[in-house]
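Student: Turn this into a model:
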Amino acid sequence: MDLQYLLFLQQLRNTTCSWLTPVMMLISHLAVNGSLIICVAVFWGINRELGYWLISNCLSGLLFNNTLKLTACIYRPWIRCPELVPPAGALKDATGYSFPSGHTQTAGSFFGSIWAEYGKEKKGLTAFCAAIILLTAFSRNFLGVHTPQDVLAAIASSAVVVLINVRLSAKIRKDPSILPKVIAVGCVAVILCILYFALKSYPMDYVDGALVVDPTEMKEDGYAIAGASLGSLIGAFLETRRVRFSTDGTVPQKIMRVVMGLPAIALIMIFVKKAVYDLIGRPAGHVVIYFAVGIYIIFLYPAIFTAIHRRRIAEPENPDLS
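Tutor: Next up is the predicted model:
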């Protein structure tokens, strides 16, 4: 039934609704990349606490998602049904196993975070967030890269993650002294996930002597999210202890702060990434590279712009004696 539904959507995609394909691809793309960029922009330039809230939900949601993916090991729809042919552009983002949908999980975690933070005060926001999550879920079905159960499970799992984090956040606000313990537990959980991804068994199905799905490739998203989560957790510990930066400033200053911080991430992903892969291999390289990105976003860059800001404030107090 699920595959028949995707075949029906494929027929629509290839005939009367072909114009919807680029729209759905854009929605899917923004669900992940747009949400994560906004998380970083909010953290650096708008509201530190809200940024922490968004990033923690998105990363913990994706880590949970990839743990479910690598446990269920369900093949993508086009592998199960050769008649399904997703658009080439959609295949590029369809990495890892199928169940649950990572794009839907990210949309659910991001917009679920916004709803949890502001939904009670702004009723219309609840409908907006729900609409974006459902639209993202439908886009994954329309493009033929996920089944209905993939997206429904992702919506449910993102809701679970946000609700758990709501309670955890309330406890931390009530007693900030438990934050280091929470971070320590989180680090242990991430390390256990990495070991689980590396050591568990995976299906090894062959057709005509060729491996249908290579588990090594399927694990890459899990390693990446685990690395980013570990880097963010350690970065949060260092930032809350050593930096505690402020997002104060004029609008141009905030925009400049965000714009100047993003190129370093691109440099890591474009140039450093390949060198690390060549040195230690892709599995460990994924963990290391995304760990570096996580700790840069949460600790290193805030420490840099905070130090620059403090130095500028101190300069008038030390007039030139020459």
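
Student: so residue 74 touches residue 99, yeah?
Tutor: Yes - using C-beta atoms under 8 Å, residue 74 is in contact with residue 99, at 4.1 Å. The C-beta positions use only the backbone N, C-alpha and C, and glycine is treated the same way.

Student: Please say which of those two ends up with more neighbours.
Tutor: Using other C-beta atoms under 10 Å as the criterion, residue 74 and residue 99 rank with residue 99 on top: 21 against 18.

Student: Tell me which helix or strand comes right after the helix or strand containing residue 225.
Tutor: Assigned by DSSP states H and E, residue 225 belongs to helix 220-238. Following helix 220-238 in sequence order, the next helix or strand is helix 251-267 (DSSP H and E).

Student: Spit out the residues that contact residue 74 and residue 99 alike.
Tutor: Residues touching both residue 74 and residue 99 (C-beta atoms under 8 Å, 6 or more residues apart in numbering): residue 150.

Student: Which stretches in this protein count as strands?
Tutor: Secondary structure of the chain (DSSP state E): strands located at 206-207, 210-211.

Student: what's the helix holding residue 225 packed up against?
Tutor: Where contact means 3 or more C-beta pairs under 8 Å, 6 or more residues apart in numbering; DSSP states H and E, helix 220-238 is packed against helix 48-72, helix 179-199, helix 282-295.

Student: got CSV for the ones you listed, with distance to residue 18 too?
Tutor: Below are the helices and strands packed on helix 220-238 laid out as CSV (distance: least, C-beta to C-beta, whole Å):
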stretch, distance to residue 18
helix 48-72, 30
helix 179-199, 38
helix 282-295, 36
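
Student: ok so, going back, which one, of the strands of the chain, ends up nearest to residue 194?
Tutor: strand 210-211 (23.2 Å; C-beta to C-beta).

Student: what's in contact with that closest one?
Tutor: If you take C-beta under 8 Å, 6+ apart as the criterion, strand 210-211 is touched by 204-205.

Student: try it again with 7 Å
Tutor: Residues outside strand 210-211 that contact it (C-beta atoms under 7 Å, 6 or more residues apart in numbering) are residue 204.

Student: Name the strands paired with it and say parallel or antiparallel.
Tutor: Strand 210-211 has the following strand partners under DSSP bridges: strand 206-207 (antiparallel).

Student: where's the strand it pairs with relative to the chain centroid, distance-wise?
Tutor: Taking C-alpha atoms, centre = their mean, to the nearest Å, one finds the center of strand 206-207 at 32 Å from the center of the full chain.

Student: again with stretch 213-227
Tutor: When C-alpha coordinates are averaged (C-alpha atoms, centre = their mean), stretch 213-227 and its chain have centres 14 Å apart.

Student: Return the set of buried residues in it.
Tutor: With burial defined by 16 or more other C-beta atoms under 10 Å, the residues of stretch 213-227 counted as buried are 213, 215, 218-227.

Student: residues touching the residue nearest to residue 102 when sequence neighbours are not counted, list them.
Tutor: Using C-beta to C-beta, 6 or more residues apart in numbering and skipping the chain neighbours, the partner closest in space to residue 102 is residue 65 (5.4 Å). Taking C-beta under 7 Å, 6+ apart, we find residue 65 in contact with 100, 102, 105, 154, 157.

Student: Test my guess that the fourth one contacts residue 104.
Tutor: So that's residue 154. Yes - judged on C-beta atoms under 7 Å, residue 154 makes contact with residue 104 at a distance of 3.7 Å.

Student: quick one: low-confidence ranges for the stretch 151-300 of the chain?
Tutor: Judged against pLDDT under 70, the stretch 151-300 of the chain has no low-scoring part.

Student: ok, now with 90
Tutor: Along the stretch 151-300 of the chain, the parts satisfying pLDDT under 90 run over 205-211, 249, 270-271, 273-274, 282-283.

Student: Could you check how far residue 104 is from residue 222?
Tutor: According to C-beta to C-beta, to the nearest Å, residue 104 and residue 222 sit 17 Å apart.

Student: just residue 306 next, same as before
Tutor: Distance, residue 306 to residue 222, using C-beta to C-beta: 33 Å.

Student: Same question for residue 249.
Tutor: For residue 249, the distance to residue 222 - C-beta to C-beta - is 37 Å.

Student: go on, residue 303?
Tutor: Residue 303 is 29 Å from residue 222, by C-beta to C-beta.
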